[in-house]
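Chemist: Let me see the structure of the following:
(one chain, ligands or ions: 1)
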Amino acid sequence: MNGAYSGRQQKLTTPSSVRPQPGDRSAYTVDYLFEGFPGKSATHGGLGWCTVSLVRGRGRVALIDTGRFGARRLLIERLAQLGVSPADVTDVLLTHSHYDHSVNWTLFPTARIQIGATELDWALSQEWGSSVVPELYMRELESWPNVTRLADGDETLPSLVAHDTPGHTPGSMTFVLDLGEFDVVFAGDAVKNRSEWETRRAEFTIDAEASASSIREIHSRWLAREGSVLVPGHDAPLVNRAGLFEQRQRQPATVTARLDREPSETKFELKRPGSVT
Ligand SMILES: [Zn+2]
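Modeler: Model (predicted):
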């Protein structure tokens, strides 16, 4: 394993990477463009700061989830830092339809957009305004020429397989990338954060029992191979170290505000009081 999980401070502007091991035939590179943050506003609803990952290799450039509107400019900037333009993206994989993961699929008009068939059908059946499904973006996706509806077990890219993990939404999918010696498990909101991973209980789920079952299934998949990485929907990745998890130091999460007449900004770092992370 390289230094990506050494716990060192990550630069805010530099996406963190998992590089294949020497001799690894899979030859994929994984970058976390955004690490999700396990927070919500106590006064203004959800933050929607989700994990956005980039998988490159075998002639494919794939985004796993896309973030919300507020992430658009930074998403393009972080792709550019890696030498990737939106036109280079060949695939967009959506773990589920919620706005904070899905709306930016429209930034990649030449990409194949992959989403669970069950998820898309469920999203389209939702009464407008009744959920955080972006109704119009899902309606457009239904008839999009480059949409692929996924079923359980489908290979989305070579060695990257989609699995049904319902609960948070009925069609939530987890994407499992086989990197040769270990797996990277992109769970989306089937596992949102470390707390859900440790307790096996999910918050904000349509079906709590289905969520618990999905988390157990994801856990056994992660446990099977030393070094496997669980990528939660709203938290930093967790690595399997002899059956116990090791969570990399979270990327900084900071809010700035202009609170006075002067254009200076006040910074609020979102972290546990008294802790360094
Ligand atoms: Zn969600």
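Chemist: Please make it C-alpha for all contacts and neighbour counts, starting now.
Modeler: OK.
Chemist: Tally up the residues packed near residue 59, please.
Modeler: For residue 59, the neighbour count with other CA atoms under 10 Å is 9.
Chemist: Distance of it relative to residue 29?
Modeler: According to CA to CA, to the nearest Å, residue 59 and residue 29 sit 12 Å apart.
Chemist: Same question for residue 239.
Modeler: Taking CA to CA as the measure, residue 239 falls 16 Å from residue 29.
Chemist: of the two, who's got more company?
Modeler: When residue 239 and residue 29 are compared for neighbours, residue 239 comes out ahead with 23 against 15, by other CA under 10 Å.
Chemist: Return the distance of the spatially most central residue of the chain relative to residue 172.
Modeler: By CA atoms, centre = their mean, the chain has its centre lying nearest to residue 51, at 3.6 Å. Applying CA to CA, the value for residue 51 to residue 172 is 15 Å.
Chemist: what residues are up against residue 199?
Modeler: Listed by CA atoms under 8 Å, 6 or more residues apart in numbering, the contact set of residue 199 is empty.
Chemist: pLDDT at it, what is it?
Modeler: Residue 199 carries a pLDDT score of 91 in this model.
Chemist: same thing with residue 45?
Modeler: We have a pLDDT of 86 for residue 45.
Chemist: Give me the phi and psi angles of it.
Modeler: Phi and psi for residue 45, reported as degrees, to the nearest 10, are phi 80, psi -160.
Chemist: do the same with residue 110
Modeler: phi -100, psi 0.
Chemist: So what's the residue count around it?
Modeler: 16.
Chemist: measure stretch 125-136 end to end?
Modeler: Counting by CA to CA, you get 12 Å between the two ends of stretch 125-136.
Chemist: no, scratch that, I was asking about stretch 224-242
Modeler: End residues of stretch 224-242 are separated by 10 Å (CA to CA).
Chemist: Give me the mean pLDDT for that stretch.
Modeler: If you average the pLDDT values across stretch 224-242, you get 94.
Chemist: Go through that stretch and flag the buried ones.
Modeler: Applying a neighbour-count criterion of 16 or more other CA atoms under 10 Å, one finds 225-240 buried in stretch 224-242.
Chemist: which residues in the stretch 151-277 of the chain form strands?
Modeler: 155-157, 160-164, 173-178, 183-188, 229-232, 238-241, 244-247, 254-257, 266-269 (DSSP state E, counting those that start in this stretch).
Chemist: To residue 66, which of those strands lies closest?
Modeler: Taking CA to CA as the criterion, strand 183-188 is the member of these that comes nearest to residue 66, at 11.1 Å.
Chemist: Next, the angle strand 160-164 makes with the closest one.
Modeler: Between strand 183-188 and strand 160-164, the angle comes out at 40 degrees (axes from the mean of the first three to the mean of the last three CA atoms, to 10 degrees).
Chemist: and strand 183-188, what does it pack onto?
Modeler: Applying 3 or more CA pairs under 8 Å, 6 or more residues apart in numbering; DSSP states H and E, we find strand 183-188 packed against strand 173-178, helix 208-223, strand 229-232.
Chemist: Go through the ones you listed and pick out the most buried.
Modeler: Compared across the helices and strands packed on strand 183-188, strand 229-232 shows the largest average neighbour count, a mean of 28 (mean count of other CA atoms under 10 Å).
Chemist: which helices and strands sit right next to that strand?
Modeler: Against strand 229-232 (3+ CA pairs under 8 Å, 6+ apart) you get strand 183-188, strand 238-241.
Chemist: Compile the ones you listed into CSV and extend it with columns for distance to residue 216.
Modeler: Listed next are the helices and strands packed on strand 229-232 as CSV, based on distance: least, CA to CA, whole Å:
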stretch, distance to residue 216
strand 183-188, 12
strand 238-241, 15
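Chemist: which stretch among those comes nearest residue 123?
Modeler: strand 183-188 (16.1 Å).
Chemist: Outside of that closest one itself, list whatever touches it.
Modeler: 51, 64-65, 95-96, 172-178, 218, 222, 225, 227-234.
Chemist: what about 6 Å?
Modeler: Contact with strand 183-188 is made by 95, 174, 175, 176, 177, 228, 229, 230, 231, 232, 233, as judged by CA atoms under 6 Å, 6 or more residues apart in numbering.
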